[in-house]
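1. need a structure here:
(2 chains)
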Amino acid sequence: MFYNEEFETLPREALKALQLKRLQQVMQRVYHTVGFYKKSFDAAQIKPSDIKSMNDLKKLPFITRKDMSDNYPYGMFSVPMGSIVRLHASSGTTGRSAVFGYTRHDIETWSDLVARCLVAAGITKNDIIHNAFSYGLFTGGLGLHYGAEKIDASVIPISGGNAKRQLMILRDFGPTVICCTPSYALHLAQEAKTMGMDLKSFKLRVGIFGAEPWSKAMREEIEKTFSITALDIYGLSEVIGPGIAIECIEAHNGMHIFEDHFIVETINPQTGEVLPEGQEGELVFTSLSREAIPLIRYRSGDISRLITEPCRCGRTHIKMERALKRSDDMLIISGVNIFPAQIEAILVEIEGLEPRYQIIVDKAGALDALELQVEVSDKIFSDSGSVKELQKIEQRIVKDMQDYLGVEPRVKLVGPNTLKAGDKVIDKRRM
Amino acid sequence: MKVEQISVFLENKPGTLQQATRVLMDANINIRTLSVAETADFGILRLIVNDVEKANTVLKENGFQVSKTPVVAVEVPDKPGGLHSVMEAVSREGVNVEYVYAFVEKSGENAVIIFRFDNPEKAIEILTKKNFTVVPGKKLYEF
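-> Next up, the predicted model:
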């Protein structure tokens, strides 16, 4: 099934021609409206009119997440605020976060893309969708919601958290589709077990999971426990949100990237050299239809592989494998993207705290657990030497992490000079 | 009249307390009394020792996080109601006790109670006025 059959099955030559035309248009637009692009293209001595074929794409400079936060909050916008109808943002303190604006047309494009994803997953207007992605600045919740309304499905905007209530609604409202992070699905399964509920007796038949890496074993476990088909969705808030790519229910293997809206390249993360399609590398995205923040050659940090073989669903768009690795030190904690530098920035802000820390990520049951070990500095201990004061510091760290990064760490104070300078992050999760 | 207590940060893992007591033993420091406050993640060892400066130095040299905390020592008869009389006197004046620990003197007649007050100066003033025996640091270290 297709949401937009004409574009989703466009012959590849026509698709490539469309991409080139749209790339030329977007190049003209960003060069004349965004100071950042003018500067960066001028520095690379490239004019928009130099883009004559898709081969010219590789002459363009990359954009990184750092460019996004350097231009915080609105430096990358190519339209005036009057045209913006929505703002989403990534987590982090000032200068370490990024803001994503959408025009009304962008919201339409985004909803259409998510609608394509849902239809590719075999979902129709007769489905009830339990959307447990977080609503708010995170793009997951509202992204799925608008797509679901676009196809006239019934949406339950439950958002994240509160597993017991989620299970009650899953049982009583009889949704046929669930959307959330894979680890949250497993967490729900565990809760259901302790509550003596049989998930197989629920009406669920399809699950759409994303926002974090998950293994084949996790997928099999989810499919078995819920008795559903579990499909992978891919998105990047910088580019648009969820809806960049989806696994079709027919092949159930690899996510179609909607190439009429995005150009995908694979690069060697060390050298920036473009790799042949099918070779593992960092995915780079160019958004062709975004109005508010068109991104030209955005480095996703996700390491994956493109699948060029034709798909039996009939879509002509290239597929990507699930991204299990990163080219940078970004951590994905229960679907929230966090960089160690963001944690350090929070610790520096707390009076008297030396930012000597170690991050330990592990699984607590099905969910991710973040432990933050922080050395007790001379300053803090000599000021107080009391349990109460040290606990106040612990609580402050937990609260700031919740407020700015959206994760709740377990904070453990440790003695001076016990943490090695090199090992900032220990990730004990097994993929 | 205040007494200096040595506070040592202890990570909650096996052997930490033992390391601290070994450092003190090797430096020939005698512990008059002690208490340990603990939470799920860490503890604080509180010590009254015979040589405050030396204890502070050797513990720091051995990588411990150490601070000196002013506390008040009060001598009371070792019999029922001994602690209560002190509590009554200070709480009436609105002074709060953050923590307390004690030991019995060698003679066996009196107990010495160590108080951490939120306002030590005021506590000493009240206790002195009410004729309690506030033990000065110098005397306590040499008990």
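2. how's chain A carved up into domains?
-> In the domain annotation for chain A, the residue ranges read A:85-328, A:336-427 (automatic domain parsing).
3. Could you do chain B as well?
-> For chain B, the domain assignment from automatic domain parsing gives the residue ranges B:3-69, B:72-135.
4. most neighbours per residue, which of the ones you listed?
-> For the domains of chain B, average neighbour numbers computed from mean count of other Cβ atoms under 10 Å in any protein chain shown are highest in domain B:3-69, which has a mean of 18. C-beta coordinates here come from the backbone N, C-alpha and C atoms, glycine included.
5. circling back to that earlier point, among the domains of chain A, which one carries the weakest average confidence?
-> By mean pLDDT, the lowest-scoring of the domains of chain A turns out to be domain A:336-427, with a mean of 87.
6. So is it next to chain B?
-> Yes. Domain A:336-427 reaches chain B (Cβ under 8 Å from any Cβ of the partner chain) through A:376, A:378, A:381-388, A:390-391, A:394, A:411-418.
7. Please spell out the ChimeraX selection for the buried subset of those residues.
-> Buried residues among the residues of domain A:336-427 next to chain B (16 or more other Cβ atoms under 10 Å in any protein chain shown), as a ChimeraX selection:
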select /A:376,381,384,385,386,387,390,394,411,412,413,414,415,416
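8. Do I have it right that A:S287 meets A:D260?
-> No. Counting by Cβ atoms under 8 Å, A:S287 does not reach A:D260; the two are 11.4 Å apart.
9. who's more crowded, these two?
-> When neighbours are counted by other Cβ atoms under 10 Å in any protein chain shown, A:S287 and A:D260 differ, and A:S287 comes out ahead with 23 against 20.
10. and B:A73, what does it touch?
-> Shown here is B:A73, whose contacts under the criterion Cβ atoms under 8 Å, 6 or more residues apart in numbering or on different chains are B:3, B:48, B:112-115, B:134-135, B:137, B:140.
11. Return the backbone torsion pair for it.
-> B:A73 has phi and psi values of phi -110, psi 130 when expressed as degrees, to the nearest 10.
12. And the closest residue to it other than its chain neighbours, what's its pLDDT?
-> Leaving aside its chain neighbours, B:A73 sits nearest to B:V135 (4.2 Å; criterion: Cβ to Cβ, 6 or more residues apart in numbering or on different chains). At B:V135 the predicted local distance difference test score is 92.
13. Now do A:C179 against A:I233, distance only.
-> Applying Cβ to Cβ, to the nearest Å, one obtains 8 Å for the distance of A:C179 from A:I233.
14. Tell me the residues that contact both of the two, please.
-> When Cβ under 8 Å, 6+ apart defines a contact, the residues bordering A:C179 and A:I233 alike are A:208-209.
15. Might one say that A:Q166 is in contact with A:A132?
-> Yes. At 6.2 Å, A:Q166 counts as touching A:A132 under the criterion of Cβ under 8 Å.
16. Chain B: helices as residue ranges?
-> For chain B, the helices identified by DSSP state H occupy B:16-26, B:52-61, B:82-92, B:120-129, B:137-141, in order along the chain.
17. and the fourth one, how far from the chain's centre?
-> Just to be clear, that refers to helix B:120-129. Its chain's C-alpha centre lies 17 Å from the corresponding centre of helix B:120-129 when counted by Cα atoms, centre = their mean, to the nearest Å.
18. go on, stretch A:121-140?
-> Here stretch A:121-140 shows a centroid-to-chain-centroid distance of 15 Å under the convention Cα atoms, centre = their mean.
19. One more: stretch A:216-223?
-> Between the centre of stretch A:216-223 and the centre of its chain there are 20 Å (Cα atoms, centre = their mean).
20. Helix, strand, or coil at the residue in the stretch 101-250 of chain A that chain B sits nearest to?
-> At 23.1 Å from chain B, A:H187 is the closest residue in the stretch 101-250 of chain A, using Cβ to the nearest Cβ. Secondary structure assignment for A:H187 (DSSP: H, G, I helix; E, B strand; the rest coil): helix.
21. Next, the contact list for the residue nearest to it when sequence neighbours are not counted, please.
-> Distance criterion Cβ to Cβ, 6+ apart; nearest residue to A:H187, sequence neighbours excluded, is A:A366 at 4.2 Å. When the contact criterion is Cβ under 8 Å, 6+ apart, the partners of A:A366 are A:183-184, A:186-187, A:189-190.
22. State the phi and psi torsions of residue 28.
-> Went with chain A since none was named. Main-chain dihedrals, A:Q28, degrees, to the nearest 10: phi -60, psi -50.
23. Hmm, no, I was thinking of chain B.
-> Summarising the backbone geometry of B:N28 under the convention degrees, to the nearest 10, its torsions are phi 60, psi 40.
24. How much space separates it from chain A?
-> 24 Å (Cβ to the nearest Cβ, to the nearest Å).
25. can you check B:N131 too?
-> Note on B:N131: its distance to chain A, by Cβ to the nearest Cβ, is 30 Å.
26. any idea of the pLDDT on that residue?
-> Predicted confidence (pLDDT) for B:N131: 92.
27. who are the neighbours in contact with it?
-> B:N131 makes no contacts at all, as judged by Cβ under 8 Å, 6+ apart.
28. how near is it to A:A43?
-> 83 Å.
29. Helices of chain A, start to end?
-> Counting by DSSP H, chain A has helices at residues A:5-8, A:12-33, A:35-43, A:65-70, A:104-120, A:139-150, A:163-172, A:182-194, A:216-226, A:340-349, A:378-383, A:387-405.
30. Okay then, goodbye and thanks.
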